[in-house]
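Asks: no FASTA, just this:
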C-alpha cells in the first residue's frame, strides 16, 4: 500500500514530529476474523522498534493464540528487538500477591484484576505497546466500566500505544479511539461446515 | 473468542480430520487497516506449527512491513518453528536467472514474474503457507489474470494454504476463496491529520 497522506492538516499547534509520536488507542472490532491476529501483527512492528510490549489476554482459552504467544516469546527472548511480557487470564494473573480466596475467583474478578494491573503499568509507563486482547468483551458485559477505561486511557502519561480487540466494543471507546477497524465477515469456512484448523485458527 | 462451531455439517463424505486439514484460500480485503498485519499474524501460527512459509510482497515499498519482515526472519532462523522465505518485489525477485534486460523491467513484468514463481512453488509444494501480500492489486489492475489465478489455486496439490491481501480483490477470487474478511475503516488518525507513525504503520 502506498504511504498514506493526511487528508487534512490540523491546527493543533503540533509539529509533524510531535504528531508522529502521539500515543494512539487502536480498536479492532467486528464479527470477522483478524482482530487479534492484526493486533499481534502490529506487535511485530513494535518489537522491531525495540519497544517493550505487554500482552494481556482477557478471555481464557486453551489453544487459541498459542502460535502468537510462542512466536512473540521467542522474539522477546531474542534480544534483537523489544521485550515481550505475556499475561494470560485463567492461568492466574502473575501479579496476584494475596492468597487465593475461598473457592475460585470469578472470571469477572479476574478481568477486573487484569484491568487494575494495566492501570498500574500505564501509570508506571512500563510498556510502549499494550495489546489488550479480547478486552472488548468484559467492557461489553459490564464487568469493567468503559467510562473509567476511557478516562484512564485519556490521562495516561508518556507515549504508550494501546490496542484493544474484541467484538461489540462499546461506543464510548469507539468515540475515544484514534483508529477503529471493523473486521467484517464476508465468508467463513465454518459456514460451509469447515472445522477450525491447526495453524490457521490457532 | 470461544472456539467456533460449524453452523452446518456438510454432506461431502469427508471425515472431521479430513475437513480439518483441507487447504484454504483466505482473502483480506477492504479499505481499513489490518489486511497485511493479520496475514503476518497468521504466519506466526504457521511458524509455530513448523510449517515452511513463503512470503511474496507484490507491491514495492521502502519501509512498510520492515517490522514484520525482521520479526519473521528472526523466527525463521530460530529453529524453533517453521522456515521463512521472504520474497520482495522491487529489490529484484531473487529467482531471476537471466541477465537484466535493456532498461528496467516494469512493475507489471515483476508482478508477473512473481506470480510465475508462486506457480512453480505451488507445483513443487514448497511451502505450507503462502502470504501473497498486496497480490490483490496486480489482479485488480489486470496485470495478472484472475481466472488463471483461481484455476491454479483450485488445482494446487497437497495441503497448501494461501493468504492474499489487498484492496479491491476481484470478485472471481472472492467467490473462490474459503474465507474472506473485509477490513472496514471506521476511523483513522490520518483523517484527523495524524501522520504515519514508526512502530505503528511500519
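Replies: Everything's here; your move. None of the values given here were measured: they were computed from a predicted structure. Numbers count the residues shown, from 1 in each chain, chains lettered A, B, ... in the order given.
Asks: now the helices for chain A?
Replies: Assigned by DSSP state H, chain A shows helices spanning A:16-20, A:35-48, A:66-77, A:107-124, A:136-140, A:146-154, A:171-176.
Asks: quick one: buried residues of the fourth one?
Replies: Which is helix A:107-124. Neighbour counts over helix A:107-124 (16 or more other C-beta atoms under 10 Å in any protein chain shown) mark A:107, A:110, A:111, A:112, A:113, A:114, A:115, A:117, A:118, A:121, A:122 as buried. All C-beta atoms are positioned from the backbone trio N, CA, C, and that covers glycine.
Asks: kindly report the same for the second one.
Replies: Neighbour-count burial for helix A:35-48, with 16+ other C-beta under 10 Å as criterion, is recorded at A:35-48.
Asks: distance between that helix and the chain's centre?
Replies: How far helix A:35-48 lies from its chain's middle: 9 Å, per C-alpha atoms, centre = their mean, to the nearest Å.
Asks: tell me which two of the buried residues of helix A:107-124 sit farthest apart.
Replies: By the measure C-beta to C-beta, A:107 and A:122 form the most distant pair in the buried residues of helix A:107-124, at 22.4 Å.
Asks: what's the nearest residue to residue A:115 if we skip its chain neighbours?
Replies: residue A:144 (5.1 Å; C-beta to C-beta, 6 or more residues apart in numbering or on different chains).
Asks: and the closest residue to residue A:136 other than its chain neighbours, what does it touch?
Replies: The shortest distance from residue A:136 to any non-neighbouring residue, by C-beta to C-beta, 6+ apart, is to residue A:166 (2.8 Å). The neighbours of residue A:166, taking C-beta atoms under 8 Å, 6 or more residues apart in numbering or on different chains as the test, are A:28-29, A:35, A:58-59, A:133-137, A:139-140, B:1.
Asks: again, 7 Å this time
Replies: Residues near residue A:166 by C-beta atoms under 7 Å, 6 or more residues apart in numbering or on different chains: A:29, A:35, A:134, A:135, A:136, A:137.
Asks: pLDDT wise, what is it at?
Replies: pLDDT for residue A:166: 92.
Asks: about what we covered before: quick one: the helices of chain A as TSV, columns for mean pLDDT too.
Replies: What follows is those, written out as TSV (pLDDT from 0 to 100):
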stretch	mean pLDDT
helix A:16-20	60
helix A:35-48	92
helix A:66-77	93
helix A:107-124	92
helix A:136-140	92
helix A:146-154	98
helix A:171-176	95
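Asks: wait, which of those helices is closest to residue B:86?
Replies: helix A:35-48 (12.9 Å).
Asks: okay, the angle between the closest one and helix B:35-48?
Replies: 80 degrees (axes from the mean of the first three to the mean of the last three C-alpha atoms, to 10 degrees).
Asks: now check helix A:35-48, is it near chain B?
Replies: Yes - Helix A:35-48 is in contact with chain B by C-beta under 7 Å from any C-beta of the partner chain, via A:37, A:38, A:40, A:41, A:42, A:44, A:45, A:46, A:47, A:48.
Asks: and those residues, which is closest to residue A:78?
Replies: Checking the residues of helix A:35-48 next to chain B one by one against residue A:78 (C-beta to C-beta), the nearest turns out to be residue A:47, at 8.9 Å.
Asks: hang on, the earlier thing: how near is the residue nearest to residue A:136 to residue A:183?
Replies: From residue A:166 over to residue A:183 the distance is 11 Å, taken as C-beta to C-beta, to the nearest Å.
Asks: over to residue A:119?
Replies: Distance of residue A:119 to residue A:183, given as C-beta to C-beta: 27 Å.
Asks: go on, residue A:128?
Replies: 25 Å.
Asks: who has more neighbours out of those two?
Replies: Neighbours around residue A:128 and residue A:183, counted as other C-beta atoms under 10 Å in any protein chain shown, are more numerous at residue A:183. The numbers are 27 against 20.
Asks: quick one, what contacts the more buried one?
Replies: Shown in contact with residue A:183 (C-beta under 7 Å, 6+ apart): A:28, A:30, A:32, A:33, A:34, A:35, B:34, B:181, B:183.
Asks: can you pull the contacts of the fifth one?
Replies: The neighbours of residue A:34, taking C-beta under 7 Å, 6+ apart as the test, are A:183, B:28, B:34, B:38, B:181, B:183.
Asks: now it: phi and psi?
Replies: Here is the backbone geometry of residue A:34 (degrees, to the nearest 10): phi 100, psi 0.
Asks: grab the nearest non-local neighbour of it.
Replies: In space, residue A:34 is closest to residue B:38, 3.6 Å off (C-beta to C-beta, 6+ apart).
Asks: residue contacts, that neighbour?
Replies: Per C-beta under 7 Å, 6+ apart, neighbours of residue B:38: A:34, A:37, A:38, A:41, B:28.
Asks: which pair in these has the greatest spatial separation?
Replies: It's A:41 and B:28 that sit farthest apart of these, by C-beta to C-beta, at 10.7 Å.
Asks: who's in contact with the nearest residue to residue A:71 once chain neighbours are set aside?
Replies: Leaving aside its chain neighbours, residue A:71 sits nearest to residue B:44 (4.0 Å; criterion: C-beta to C-beta, 6+ apart). Contacts here follow C-beta under 7 Å, 6+ apart; on that basis residue B:44 touches A:40, A:67, A:68, A:71.
Asks: so the longest strand along chain A versus helix B:35-48, what angle?
Replies: Secondary structure of chain A per DSSP state E: the longest strand is strand A:179-187. Angle of strand A:179-187 versus helix B:35-48, following the same axes, to 10 degrees, is 70 degrees.
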